[in-house]
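1. structure of the sequence below:
(chains A, B and C)
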Amino acid sequence: MGNAKTLKVGLASGALSMDPYAHNETATNSILSNIFDALIAFDKDINTHPGLAVSWTNPEPTVWIMKLRKGVKFHNGSKFNADDVVFSFNRVKTWDKSGFKGKVSAIESVAKVDEYTVKFVTKKPYPVFLRKLTYVNILDKETLEGKNDQWIGLNAIGTGPYKLTSWSKGDHIKLDVNKDHWRGVAKFDKVLFRPLTNNATRVAAILSNEVDIINRVPVVDVNRVKSNDKLDFFVQPGLRLIYLQMDQDRDNSPFIKSHDGKNPLKDVRVRKAIYYGINEDAIVKYVMKGFAEPAAQLSPKAVFGNDPSIKRAAFNPEKAKALLAEAGYPNGFEIQLDSPNNRYINDAQIAQAVASSLAKIGITVKVNATPKSTFFAETGKLKTSFFLIGWASSDGDASSILDGCVHSYNAETGYGRYNRGRYSNTKVDALIEKSAGIMDPAERLRVLQAAQKMAIVDDQNFIPLHYQVDIYASSKNITFETRTDSRIWAFDIK
Amino acid sequence: MTKYILNRLFHSALVMLTISFIVFFIMFKAGDPVELMLPPDATQQDVVDMRAALGLDKSFIVQYQKFLVNVSQGNLGNSFIYGQPALDIVFERMPATMELAVIAMILSILIGIPLGIISSIKPNSITSRIIMFFSLAGISVPVFWTGMILVLIFSVILGVLPSSGRGEVYLFTSAFTWDGIRHLIMPVVTLAVFQLALILRLTRTGMMEVLMQDYIKLAAAKGVPRKVIVYYHALKNTLIPLITIIGIQFGQLVAFTIVTETIFAWPGTGKLIIDSIQNLDRPIVVAYLLVISFIFVAINFMVDVLYTFVDPRVRV
Amino acid sequence: MKFKNELLTEYFEDKLAVVGLVVFTILAIFAIAPALFSYQNPYDLTQLYLENSFQAPNANYWLGTDEQGRDIFSAIMYGLRVSLYVGFASTILSVIIGFTLGLISGYYGGWVDTIIMRIADIQLSFPAILIALIIMALWGAGIGKIIIAITIVNWVYYARTARGVVLSEKEKDYAQSAKALGMSNFSIIFKEIMPNTTAPIIVIATVRIAVAIILEATLSFLGLGVPITEPSLGSLIANGYQVLFSGYWWTSVFPGIILMVLIISINLIGDRSRDIMNPRLKR
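-> This next block holds a predicted model:
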């Protein structure tokens, strides 16, 4: 039975630091979003709303004037004003351990105009400016000035609906309600976040009512949770795409053995064959137990840049075999598929299922599933020919995956850092770069869609598998609505 | 005697130094965690900056040197992931692990030794054979299996015990609160089963060997009461090698908390080390291993010294 | 030193030990030729169909299937092979290495002895699972790597034992006379002293094989063991554990039972062997 005063949440992973700039990862961001506010806030459908900024104007393409909310106090009583905004942005841009530099790289400068007005200048016209602002939690200059990183990592002083009371790493995070919060007082007096990383443990906790909410219900436990009449069950289409990248660059790829000694992945027919040859419906049905959305493109519906006209081709092993034969590989070839085993939902099982599918069209796949530390290290060094990976377009805009994975790799500009198959199409690059400066949403959408279509439909640069679905369970005693950005924001829970 | 102690101290320090070198080297080779820490949209420049900020761009020798200098000042570096001093993090989690290990060890000794004695006096009786079979099962079942079955029975099916977490803590331990005890039962039993069986078997073998000795037969012939023979003479001589083994086993126990903590989400160092290895958080791995080695070396040292007092045949 | 026939007869006196031997032999036969007994080759991906996943035990799949459609019965046969292979290979390697190093260390003494024993000490300062964990976590999965990791963990025990025996034997008359007679050190070690070390080594080996198998299972449980497409008993249990509480108990319970039975049978054999070889237990 849920305690009306304390909300207990069982999470799949805990926070890594109380410093909101240290790690850009979902679990930490989710927990800290209860303690801090940013200038702009996302609602549960990742639409932007005023946060600590109440209004703004965009007088020139690269200039934004933000008016700040008045009368807001930090948890320790300190006043919120423009100085704090300037301090925060400078820190997030220049602190050497900041994990959010990429989010603010387009911001050239930030300056105080008056106590409640701030002026931002971006390097170029920047259509996704407001979305990027949601990532920068505002810190208190007066409190943090002169403190070292360690102190900041332990002491979270924000303006958010809850204050940090205690943090025992890996065990719990205790929050108390902020009675002076500008949105009002949240319903629950206390919130207790408990990292329960072991799947079975987390499910056991909600079934035995030790917690009121859990996230990331494992797909195999859905039936047990659903059949429990004290629990509500939620499915939220997520932002993370699970897909396969292929080495399209090297003539001699390290983990491929083909009869002619060449790299079959360089031929679009082979890539298409792989696409047709994977029984994704079976993967969704049996490995994900129905809790995944088969994907045909890079951006899910919630992300700006999604193209409703692109549909996933049906599983067609005959066509796949024909394509392989046409490309000169009637008897297939041997290849290794690398995958992490502890990063994405059922990642290793998905890789095995992919291998099993491809085995039946003649491609012999060896699965190398490793812990994420090894996986990211090896794939980062390009010691891979074919690998499974995920991407969450968490700011709701297609530019993130296009810039990071589809654009040709370019060490100086930072494009294509995760394009580890080294796919390269200059026409696609041109479209992506063009879209970065278009301020008109309709025009920008067209260009983003064109870039995506060329890459994924014409070139088959990746093999999209599915979008992860976030599954939650909560006690019937509370009212809980899931969010597209996978965060658990206690203020909205009643 | 002093010379012996100093000698041992010197060797112990050497052991710790070597361990630190090996671990540091292995973690160095494993790669740096920057890739894992930064989000996908970070640029190559961010990677370079972060690497430099963590000091990972220097050569191995330079990094190891810096490490040694810091160690001499009691600083084992800051965790790459948490940004806090690695030693602090390890110590923060130590009480939880020690709690499990110590209670499990006490339980194994309190139950294992008596049962071992009983089964050694009349080795072929029904009681003994039953005890022996269960002890065999005890050392044949991997720790993770025991844990799994316990959670299945007591949490999922019966619903009487919590499946995870540590209970309320009072005076550094959760053993003084009822809530704490409820959370402690299964992890402790999981850890203790193997230990108990091992101690039981060692006690039994040890006692049986001793009871064969001539001096025991002599004592029986002289009319010394059976109870005295068993519980005083035989036990005393069995305990000596047993102490050594218990000492070593304590270290193993601490290591097996890794598996137990994973299953029960127990907030101890075991869970910390697995996560840190996976995250390539070298300072924590090194700090943890040094602390563990220190505990081992200290225990071995104490056992050795104890031995010299207890066993008159051992001369320094 | 007793004669072989005597030892064997004594062994068979204990009914339980005989049961252990029989069970172990059966499991070993399964492990050596799993293809003869199993329905499918679970390592061959063309034989796995997702549509068959998570079937409860039925007429087609006696022990049910796992999440990839693997027949659990077949997977146990093949998994047994991996577990036994890893256990025995690592033990044999450890014995060879540990034995040799221990003999050399004990016989020659001096700085060779000091170095080898220091290394052993350092290793014994470490819980085995930690060593293996670090090696596997950083080196990656693979049967070869596990065998090496477990060997690195285990050689110390054999080395210490061998050294202990050599130290006490080398002062004895027969060894001294051999030396006086001009026999080379090598010959002395291997012809005269070594036979006296076999009994203690066997005693330790029987314990360590079980430990090696448990260690591999634990590493696989933690996700650091064999590759996932060639599961050992430990990884089958680990995969099954994820879904154990969801009602798919057969994927974990059956491999777990077989693993337990395997280790119990090895320990029964080991126990009996130790009892009959231990000179101090003779009445």
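2. quick check: the closest residue to A:T479 other than its chain neighbours vs A:F188, distance?
-> Computed as C-beta to C-beta, 6 or more residues apart in numbering or on different chains, the closest residue to A:T479 that is not its neighbour in sequence is A:K494, at 4.4 Å. (Glycine included, C-beta is placed from N, CA and C.) Applying C-beta to C-beta, to the nearest Å, the value for A:K494 to A:F188 is 8 Å.
3. which SS class is the residue nearest to A:T479?
-> Per DSSP: H, G, I helix; E, B strand; the rest coil, the secondary structure class of A:K494 is coil.
4. now the most centrally placed residue in chain B: which helix or strand?
-> Nearest to the mean C-alpha position of chain B, by C-alpha atoms, centre = their mean, lies B:V254 at 1.9 Å. In this structure, B:V254 is located in helix B:235-264 according to DSSP states H and E.
5. give the buried residues for that helix.
-> Counting neighbours by 16 or more other C-beta atoms under 10 Å in any protein chain shown, one finds that the buried residues in helix B:235-264 are B:235, B:237-238, B:242-243, B:246-264.
6. kindly report the same for stretch A:273-286.
-> Of the residues in stretch A:273-286, those scored as buried under the neighbour-count criterion (16+ other C-beta under 10 Å) are A:273-280, A:282-286.
7. state the number of residues packed around whichever residue of the stretch 101-250 of chain C sits closest to chain B.
-> The minimum distance from the stretch 101-250 of chain C to chain B, using C-beta to the nearest C-beta, falls at C:P127 (2.9 Å). Burial of C:P127 is recorded as 24 neighbouring residues (other C-beta atoms under 10 Å in any protein chain shown).
8. what's near enough to touch the residue nearest to it when sequence neighbours are not counted?
-> When the adjacent residues along the chain are set aside, C:P127 lies closest to B:A255, with 2.9 Å between them (C-beta to C-beta, 6+ apart). Neighbour list for B:A255: B:270, B:292, C:127-130 [criterion: C-beta atoms under 8 Å, 6 or more residues apart in numbering or on different chains].
9. swap in A:L192?
-> A:L192 is in contact with A:6-9, A:172-175, counting by C-beta under 8 Å, 6+ apart.
10. among these, which lie within strands?
-> Mapping those onto strands (DSSP state E) picks out A:6-9, A:172-175.
11. one step back: the residue nearest to the centre of chain B against B:I295, yeah?
-> Yes: taking contacts as C-beta atoms under 8 Å, B:V254 lies within contact range of B:I295: 7.0 Å.
12. max-length helix in chain C?
-> With DSSP state H applied, the helix covering the greatest number of residues in chain C is identified as helix C:72-108.
13. so is that helix next to chain A?
-> No: Helix C:72-108 does not reach chain A (C-beta under 8 Å from any C-beta of the partner chain); its nearest approach is 12.9 Å.
14. now the element after that helix, going C-ward?
-> Once the chain leaves helix C:72-108, the next helix or strand it forms, by DSSP H and E, is helix C:110-124.
15. quick revisit: what's the PyMOL syntax to select whichever of the contacts of A:L192 are buried?
-> In PyMOL, this line selects whichever of those come out buried by 16+ other C-beta under 10 Å:
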select buried, chain A and resi 7+8+9+172+173+174+175
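16. pick out the lowest-pLDDT one from the contacts of A:L192.
-> Checked by pLDDT, the contacts of A:L192 have A:H172 as the lowest-scoring entry (87).
17. tell me how many other residues crowd the closest residue in space to it that isn't next to it in sequence.
-> Counting by C-beta to C-beta, 6+ apart, A:R194 is the residue found nearest to A:H172 once chain neighbours are left out, at 5.2 Å. Under the neighbour criterion other C-beta under 10 Å, A:R194 is assigned a count of 25.
18. may I have the phi/psi pair for the residue in the stretch 1-150 of chain A positioned nearest to chain C?
-> Nearest residue of the stretch 1-150 of chain A to chain C (C-beta to the nearest C-beta) works out as A:A12 at 13.4 Å. Backbone torsions for A:A12, taken as degrees, to the nearest 10, come to phi -70, psi -30.
19. the nearest residue to it once chain neighbours are set aside sits in which helix or strand?
-> Nearest in space to A:A12, with sequence neighbours left out and distances taken as C-beta to C-beta, 6+ apart, is A:R216 at 4.0 Å. A:R216 belongs to no helix or strand when assigned by DSSP H and E.
20. so who does the residue nearest to the centre of chain B touch?
-> When the contact criterion is C-beta under 8 Å, 6+ apart, the partners of B:V254 are B:97-98, B:101, B:292, B:295, C:127.
21. next, give me the two most distant ones among these.
-> The widest separation within these, taken as C-beta to C-beta, falls between B:M98 and C:P127 and amounts to 14.7 Å.
22. contacts for stretch A:319-334?
-> For stretch A:319-334, contacts defined as C-beta under 8 Å, 6+ apart pick out A:256-260, A:264, A:267, A:269-270, A:272-277, A:361-366.
23. give me the residue from the stretch 51-200 of chain C nearest chain A.
-> Distance from chain A to each residue of the stretch 51-200 of chain C (C-beta to the nearest C-beta) is smallest for C:S53, at 4.7 Å.
24. from A:R202, how far out is that residue?
-> According to C-beta to C-beta, C:S53 stands 23 Å off from A:R202.
25. if you count what's nearby, which of the two comes out ahead?
-> Neighbours were tallied for C:S53 and for A:R202 using other C-beta under 10 Å; the higher tally belongs to A:R202 (28 against 23).
26. so who does that one touch?
-> A:R202 makes contact with A:10-12, A:196, A:214, A:216-217 under the criterion C-beta under 8 Å, 6+ apart.
27. quick check: next helix or strand after the helix or strand that contains it?
-> Element membership of A:R202, judged by DSSP H and E, is helix A:199-207. Following helix A:199-207 in sequence order, the next helix or strand is strand A:213-214 (DSSP H and E).
28. how about the helix or strand that comes right after that next one: buried residues?
-> Downstream of strand A:213-214, the next assigned helix or strand under DSSP H and E is helix A:222-226. Taking 16+ other C-beta under 10 Å as the neighbour-count basis, helix A:222-226 is seen to contain the buried residues A:222, A:224-225.
29. quick check, helix A:222-226 touching chain B?
-> No: remark: helix A:222-226 sits outside contact range of chain B, by C-beta under 8 Å from any C-beta, the gap being at least 9.5 Å.
30. the inter-axis angle of the next helix or strand along the chain from that helix versus helix A:199-207?
-> Heading C-terminal from helix A:222-226, the first helix or strand you meet, by DSSP H and E, is strand A:231-246. Using axes from the mean of the first three to the mean of the last three C-alpha atoms, to 10 degrees, one finds that strand A:231-246 and helix A:199-207 are set 160 degrees apart in direction.
31. before we move on, back to that, now for the longest helix of chain C, which elements pack on it?
-> Packing partners of helix C:72-108 (3 or more C-beta pairs under 8 Å, 6 or more residues apart in numbering or on different chains; DSSP states H and E): helix C:15-32, helix C:34-37, helix C:110-124, helix C:143-169, helix C:194-221, helix C:233-244, helix C:250-277.
32. winner for burial among those?
-> Greatest average neighbour count among those goes to helix C:233-244 (a mean of 26), per mean count of other C-beta atoms under 10 Å in any protein chain shown.
33. okay, that one in CSV with CA atoms only?
-> C-alpha atoms of helix C:233-244 as CSV (Å, rounded to 0.1, in the frame of the first residue of the first chain):
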residue,chain,number,x,y,z
LEU,C,233,25.5,-24.7,-17.5
GLY,C,234,26.3,-21.5,-15.6
SER,C,235,25.1,-19.3,-18.4
LEU,C,236,22.0,-21.3,-18.9
ILE,C,237,21.2,-20.8,-15.2
ALA,C,238,22.0,-17.1,-15.5
ASN,C,239,19.7,-16.6,-18.5
GLY,C,240,17.1,-18.6,-16.8
TYR,C,241,17.5,-16.6,-13.6
GLN,C,242,16.3,-13.5,-15.5
VAL,C,243,13.0,-15.1,-16.2
LEU,C,244,12.8,-17.4,-13.2
